[in-house]
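In: sequence? don't have it. structure:
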């Protein structure tokens, strides 16, 4: 009888230690999951912020300002626009169909 009681006592202690170990692992994993969810939210917020900045950088007014200031571009007006009419190719190119670029001050116009 004493041996049976001793075996039962050892079985109860082993199961109690196993239960504590499982609870510890469960809490640790839940904590990791919570941290991962927080990181995912932080990354999503950062991505949304970067998308907003990207949209702000690509506004029409900003692009036009950069084109004027840094690239010295200007809007196309009829005064500086060369119009080319399309004529189907008939074997030779008439002289009027060839468009020569206009050069002013060393720069193409």
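Out: That came through fine. What you see is a predicted model; the values in this text were computed from it and never measured.
In: Give me the residues contacting the helix or strand where residue 66 lies.
Out: Using DSSP states H and E, residue 66 maps to helix 60-69. With contacts defined as Cβ atoms under 8 Å, 6 or more residues apart in numbering, helix 60-69 is touched by 56, 73-74. Every C-beta, even on glycine, is put in place using the N, C-alpha and C of the backbone.
In: Please enumerate the helices of the protein.
Out: 2-57, 60-69 (DSSP state H).
In: need the least confident one among these, by mean pLDDT.
Out: Between these, the lowest average pLDDT goes to helix 60-69, which shows a mean of 87.
In: How far away from the center of its chain is it?
Out: In terms of Cα atoms, centre = their mean, to the nearest Å, the gap separating the centre of helix 60-69 from the centre of its chain is 23 Å.
In: Make JSON lines out of the helices of the chain and add mean neighbour count and distance to residue 83.
Out: Compiled in JSON lines, those are given as follows (neighbours: other Cβ atoms under 10 Å; distance: least, Cβ to Cβ, whole Å):
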{"stretch": "helix 2-57", "mean neighbour count": "10", "distance to residue 83": "34"}
{"stretch": "helix 60-69", "mean neighbour count": "10", "distance to residue 83": "23"}
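In: Just send those back as a markdown table, with distance to residue 82 too.
Out: Output for these, formatted as a markdown table (distance: least, Cβ to Cβ, whole Å):
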| stretch | distance to residue 82 |
| --- | --- |
| helix 2-57 | 33 |
| helix 60-69 | 20 |
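In: The helix holding residue 66 versus helix 2-57: what angle between them?
Out: 60 degrees (axes from the mean of the first three to the mean of the last three Cα atoms, to 10 degrees).
In: re the thing from before, export the contacts of helix 60-69 to TSV and append columns for distance to residue 88.
Out: Formatted as TSV, those follow (distance: Cβ to Cβ, whole Å):
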residue	distance to residue 88
56	47
73	33
74	34
